[in-house]
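no sequence on hand, only this structure:
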């Protein structure tokens, strides 16, 4: 039950990030909703396509669709307020990433994927929606450029895979994995951590 | 039989729209053909990947490939004439959208997807090819920006889902769904309807 | 055995092309590795998604992941040297294309795809990774613009399909298919072959 609530929060947060980006790109109301849906559900759809779950769970679960669509509408109407909420959005985005990566990795393991494949698929679940959002708006995906985003996702996925291998209880494993991702992201944002860029290009 | 002819027309129209865009982007003849194929078959491939039909029907049906490829070639050779046909292309594009959304929704329902998932998949079938075309040419997809495109697709998909739920004959349902999409699109083009953009960005 | 070595070379080459492009786009070290993985494994993932192999073979085979990731790291550290190797990279890229198209077509045929579908899927296997690389970096995919790339892939795929239809030994067929692709690409590079662009746009 708590897990479902958290998952819906993750979807709402990702939907909001897609909708805010769409409003900034001056899309109309339907474009904003489509981008909210794509960002919120894209990662889960990619996960299910890779794992052969047909049709994708996220498309079959109406509360997910409802939450993502309504969030898109709310952002469309009240977007100036969302600008002020930028910090909370970054916090919630970290929560969403943690939840999506954890659930993606767990699902992949339970469907029999080997651990390293499950880690990759879990990471893709977390970063796929945001990558689609940036692609559709013709940006180089943020995840390729910023603040230890992918590496936080990967760390969490690896911890989940290790935890399942050690046969720890699933709830505990998910909790630890998500916490690690959220912690890394928040520290990275707070300290403005960035990974190194290749040498010889700055001169 | 009529349905197959209409589907081939839809494929030809979408292939033409991809090829015209490719010619404008100054791609060579093979780039034009690839873009014609991608635009015409992309929506169906996405539909089949989401529904777990392997390999995708559109790739297994040689008349589809033939029609899309030949259309691409014809546009490549005679593209100045196609500029003059712009109005007819917009009309045919509406027909193509109507047919693709309807067939996508029907296929999804017949493979056991719940109605709201079938609507989303049907909508994606109709708009997916065009979105791929715009992505490959580095444009923000038209569907996100223009003239009630996605909403027309969604209305038609919902009507098809309602009709199947009411157990109306499938041919009739498809006809009504496609007509609604075509009508909305043509009225939107004629009246230059556009959906609202978020407030506070115009000043 | 030889085949596996050749496949690993193909993966390394494609990973290097992704990593070089990422370094030029000034991505950080994780962005470079992600782009190396995407370019090297993307074509195979697309092939397996189209054919319904879940989870995709490329994600389940750890030497592929290792080779692609390490190649990305090496390019990140030693990229100035890679600039000098540009010619060798183009040569190796031709080899990679030949191997990927051949293995993609063979896999599709062995899973029961009809020959023309197998050719398309084989071609997509070869060009998909590079297309993803260019999409993520916001470029119009090279394959749409350059030097007989797609057509070389298609020729090789058709030869493989013909060879299997004639029941020639698989190793021989793969060898011939790959050689044809490599030869066409090298001649195209050497003679600076390009396909014609549509008339009437140059004035």
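Everything's here; your move. Computed from a predicted model, the values in this text were never measured in an experiment.

skipping adjacent residues, who's closest to residue A:111 in space?
Closest residue to residue A:111 apart from its sequence neighbours, by C-beta to C-beta, 6 or more residues apart in numbering or on different chains: residue A:51 at 5.2 Å. All C-beta atoms are positioned from the backbone trio N, CA, C, and that covers glycine.

the one you found against residue A:122, yeah?
No - the pair residue A:51 / residue A:122 is not scored as a contact, 10.8 Å apart, by C-beta atoms under 8 Å.

with neighbour numbers in mind, choose between these two.
residue A:122 (31 against 24; other C-beta atoms under 10 Å in any protein chain shown).

whatever helix or strand that one lives in: which residues count as buried?
Under the criterion of DSSP states H and E, residue A:122 resides in helix A:115-136. With burial defined by 16 or more other C-beta atoms under 10 Å in any protein chain shown, the residues of helix A:115-136 counted as buried are A:115-136.

for chain C, see how far away residue A:7 is.
The gap separating residue A:7 from chain C is 22 Å, by C-beta to the nearest C-beta, to the nearest Å.

the closest residue to that residue other than its chain neighbours: neighbour count?
In this structure, residue A:7 finds its nearest non-sequential neighbour in residue A:99, 5.9 Å apart by C-beta to C-beta, 6+ apart. Using other C-beta under 10 Å, residue A:99 is surrounded by 27 other residues.

chain neighbours aside, what residue packs nearest to the residue of chain A found nearest chain C?
For chain A, the residue closest to chain C is residue A:52, as judged by C-beta to the nearest C-beta, at 3.0 Å. Nearest-residue entry for residue A:52: residue C:54, 3.0 Å, with adjacent residues in sequence omitted and distances by C-beta to C-beta, 6+ apart.

can you pull the contacts of that neighbour?
By C-beta atoms under 8 Å, 6 or more residues apart in numbering or on different chains, residue C:54 lies in contact with A:50, A:51, A:52, A:111, C:48.

now render these as a markdown table, adding secondary structure, distance to residue A:60 and pLDDT.
Below are those laid out as a markdown table (DSSP: H, G, I helix; E, B strand; the rest coil; distance: C-beta to C-beta, whole Å; pLDDT from 0 to 100):
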| residue | secondary structure | distance to residue A:60 | pLDDT |
| --- | --- | --- | --- |
| A:50 | helix | 17 | 90 |
| A:51 | helix | 14 | 90 |
| A:52 | coil | 15 | 87 |
| A:111 | coil | 16 | 88 |
| C:48 | helix | 23 | 90 |
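
closest to residue A:153 out of those residues?
Of all the contacts of residue C:54, residue A:50 has the smallest distance to residue A:153: 15.3 Å, by C-beta to C-beta.

that closest one: neighbour count?
25.

in this structure it contacts residue C:46, no?
No - here residue A:50 lies out of contact with residue C:46, judged by C-beta under 8 Å, at a distance of 10.9 Å.

so what does whichever residue of chain A sits closest to chain B look like in phi/psi?
Residue of chain A nearest chain B, by C-beta to the nearest C-beta: residue A:54 (3.0 Å). The phi and psi values for residue A:54, taken as degrees, to the nearest 10, are phi -120, psi 140.

next one: it from residue A:143, what distance?
The gap separating residue A:54 from residue A:143 is 26 Å, by C-beta to C-beta, to the nearest Å.

ditto for residue A:7
For residue A:7 relative to residue A:143 (C-beta to C-beta), the value is 20 Å.

also residue A:66?
27 Å.

give me the more crowded residue out of these two.
residue A:143 (22 against 13).

so who does the more buried one touch?
A:127, A:130, A:131, A:134, A:149, A:150, C:31, C:34.

name the nearest residue to the third one, ignoring sequence neighbours.
Nearest residue to residue A:131, sequence neighbours excluded (C-beta to C-beta, 6+ apart): residue A:141, at 4.3 Å.

ok, how many other residues are close to the one you found?
24.

for chain A, what lies in contact range of chain B?
A:22-23, A:25-32, A:34-35, A:45, A:49, A:52, A:54-56, A:59-60, A:62, A:65, A:76-77, A:79-80, A:135-138 (C-beta under 8 Å from any C-beta of the partner chain).

buried subset of those?
A:22-23, A:25, A:27-32, A:34-35, A:45, A:49, A:52, A:54-56, A:59-60, A:65, A:76, A:79, A:135-137.

and residue A:138, helix, strand or coil?
coil (DSSP: H, G, I helix; E, B strand; the rest coil).

my read: it touches residue B:138, true?
Yes - counting by C-beta under 8 Å, residue B:138 is a contact partner of residue A:138 at 6.3 Å.

what's the overlap in contacts for these two?
With C-beta under 8 Å, 6+ apart, residue A:138 and residue B:138 have common neighbours residue C:138.

just checking, what packs against the lengthiest helix in chain A?
As assigned by DSSP state H, the longest helix anywhere in chain A is helix A:86-110. With contacts taken as 3 or more C-beta pairs under 8 Å, 6 or more residues apart in numbering or on different chains; DSSP states H and E, helix A:86-110 sits against helix A:2-24, helix A:29-51, helix A:115-136, helix A:149-165, helix A:170-191.

quick one, which of the ones you listed is nearest to residue C:104?
helix A:29-51 (17.4 Å).
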